[in-house]
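>>> What would the 3D arrangement of this be:
(one chain, ligands or ions: 1)
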Amino acid sequence: MRIGCDALIVGGGPSGLSTGSFISKRGFKTIILEEHREIGRPEQCAGLVSWRIGKLPQKLVLNRVDTARFCLGNKSFEVYSKKDMLVIDRAGYDKHLAENALAEGAEIRLGERVIGLKEGCVVTSMGNHYSGRILVGADGPNSIVARLTGLKQPGNLLFALQCVAKGVFEQHVVELRFEPEFSNEVFAWIIPLSRSRARVGLLTSDNPWPRFRLLLKRLGMRRVEARVVGDSIRFGLMSKTSASRVILVGDAACQVKPFSLGGLVYSRICSRIAGDSCITALERNLFDGGFLAETYDSVWRRTIGGALEKGLRMRILFNLMRRMPVSFALTRILGLNLLAGRVLDPDFLGKNPIPE
Ligand SMILES: Cc1cc2nc3c(=O)[nH]c(=O)nc-3n(C[C@H](O)[C@H](O)[C@H](O)COP(=O)(O)OP(=O)(O)OC[C@H]3O[C@@H](n4cnc5c(N)ncnc54)[C@H](O)[C@@H]3O)c2cc1C
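Numbers count the residues shown, from 1 in each chain. You can find the predicted model right below:
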């Protein structure tokens with residue numbers, strides 16, 4: 001079957017659903033293709049976000065944390081945030097965004113995995129052919145849209161594993177563990193859901209399974225949910241996130257914090273910019289690469305490009321610190337952690353205005 005629309009969005013995650021909402025609200029026919037049969041599943045996220053995630057239904061906020069403890073062996077320091085960070089129900093968040101998109105008139109087609117491009121149409125595993133006046137790749141870190149349209153994603157790929165574990169936790173403290181045996185690149189995390197349950201996971205650039213088993217064993221934790229979820233995250237600055245008639249948004253465009261690898265807040269910001277850019281292109285019937293570079297690429301870089309660079313610098317700093325465990329103790333002794341809590345922003349955005 002051949003189906004046409006104004007905006008064709010590949011990916012029914014937060015970026016695709018939010019971008020789709022904005023575009024369909026302006027009356028343009030919008031179709032969102034999602035390979036899974038249910039929005040939000042499998043849930044592959046720790047769900048830790050700042051207040052910049054915007055207004056959420058109360059039931060989606062599972063916990064609030066105000067302290068991040070950075071640990072390396074028996075050395076540690078704590079950073080206190082000025083505003084609480086939220087631990088959210090990620091599957092519920094995606095479903096909430098899907099309800100908004102549907103309410104604005106977008107169509108969501110589940111079980112439609114994009115497998116190729118043929119004669120200007122996107123082809124799915126169901127054998128359907130879709131064409132849009134503009135194509136949005138919101139299909140995550142291994143974006144097929146990026147691959148098919150020649151938009152090169154960086155090679156920095158990390159693999160994650162996470163489960164819900166039982167133990168004794170400080171309910172308002174997130175722990176980040178930098179021991180090299182838990183991750184060769186980033187860190188392991190313990191994000192409490194309550195005093196007795198936490199999301200425990202890690203990110204690494206090699207096989208995460210042996211490290212993950214070791215993490216649970218060392219911390220003396222027991223899995224309470226049978227399923228371990230895993231996925232990948234890509235980070236770095238992409239040189240181009242748009243081309244003629246196509247843009248990438250969210251994880252597909254590496255709009256991810258290079259230090260903590262969180263992407264939900266940047267996805268929210270960039271989906272707004274992507275939506276605005278698509279609306280302008282559809283209204284003016286202008287889809288060339290130069291126009292989209294100006295209305296999308298340049299705008300999102302002006303908004304979060306500086307934050308991405310700060311995140312990359314933070315990543316380098318922590319990679320140096322983890323080689324010198326004493327630096328963790330020194331940070332605490334010199335009170336640098338207290339300073340960091342006052343001046344650092346979890347999203348590195350500072351007072352940079354973000355589009356509402
Ligand atoms: C283990 C883990 C923990 C994380 N923890 C946090 C956190 O605490 N805080 C935070 O802010 N971020 C976190 N992130 C990152 C966050 O999950 C992403 O930044 C966010 O999901 C990006 O949304 P997105 O819509 O851009 O991409 P995705 O959520 O990846 O959505 C892409 C969608 O596209 C679909 N898709 C892919 N290929 C195709 C195809 N060929 N055809 C059709 N559909 C397709 C996928 O099924 C998916 O639904 C974490 C990530 C992982 C893996």
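>>> wait, doesn't residue 54 sit right on residue 267?
No. Using Cβ atoms under 8 Å, residue 54 makes no contact with residue 267, being 11.5 Å away. C-beta: built from backbone N, CA, C; applies to glycine.
>>> which one of those two has more residues nearby?
Here residue 54 and residue 267 are compared on neighbour count by other Cβ atoms under 10 Å; more neighbours surround residue 267, at 28 against 11.
>>> Give me the pLDDT value at that one.
Predicted confidence (pLDDT) for residue 267: 97.
>>> Now it: which helix or strand?
Per DSSP states H and E: residue 267 is located in helix 264-284.
>>> same question, residue 4
Here residue 4 is assigned to strand 2-10, by DSSP H and E.
>>> contacting residues for the residue of the stretch 1-150 of the chain found nearest the ligand?
In the stretch 1-150 of the chain, the residue that lies nearest the ligand is residue 13 (2.2 Å; Cβ to the nearest ligand atom). Applying Cβ atoms under 8 Å, 6 or more residues apart in numbering, we find residue 13 in contact with 94, 138, 140, 250, 251, 267.
>>> so residue 37 makes contact with residue 112?
No. Counting by Cβ under 8 Å, residue 112 is not a contact partner of residue 37; they are 9.9 Å apart.
>>> wait, what's in contact with the residue of the stretch 251-356 of the chain found nearest the ligand?
Here the stretch 251-356 of the chain gets closest to the ligand at one residue, residue 263, 1.9 Å apart by Cβ to the nearest ligand atom. When contacts are counted by Cβ under 8 Å, 6+ apart, residue 263 touches 233, 250, 251, 255, 256, 257.
>>> Which residue comes closest to the second one once chain neighbours are left out?
What that stands for is residue 250. In this structure, residue 250 finds its nearest non-sequential neighbour in residue 15, 2.8 Å apart by Cβ to Cβ, 6 or more residues apart in numbering.
>>> secondary structure class for the one you found?
Classification of residue 15 using DSSP: H, G, I helix; E, B strand; the rest coil returns helix.
>>> I'd like to know how many residues surround it.
So residue 15, with other Cβ under 10 Å, has 31 neighbours.
>>> For it, give me its contacts.
138, 249, 250, 251, 252, 255, 267, 270, 271, 274.
>>> Low-confidence regions, the protein specifically.
In the predicted model of the chain, residues 225-226, 352-356 satisfy pLDDT under 70.
>>> how close does the closest residue to residue 121 other than its chain neighbours sit to residue 84?
Distance criterion Cβ to Cβ, 6+ apart; nearest residue to residue 121, sequence neighbours excluded, is residue 129 at 4.0 Å. With the distance defined as Cβ to Cβ, to the nearest Å, residue 129 ends up 47 Å from residue 84.
>>> try residue 316
Taking Cβ to Cβ, one finds residue 316 at 28 Å from residue 84.
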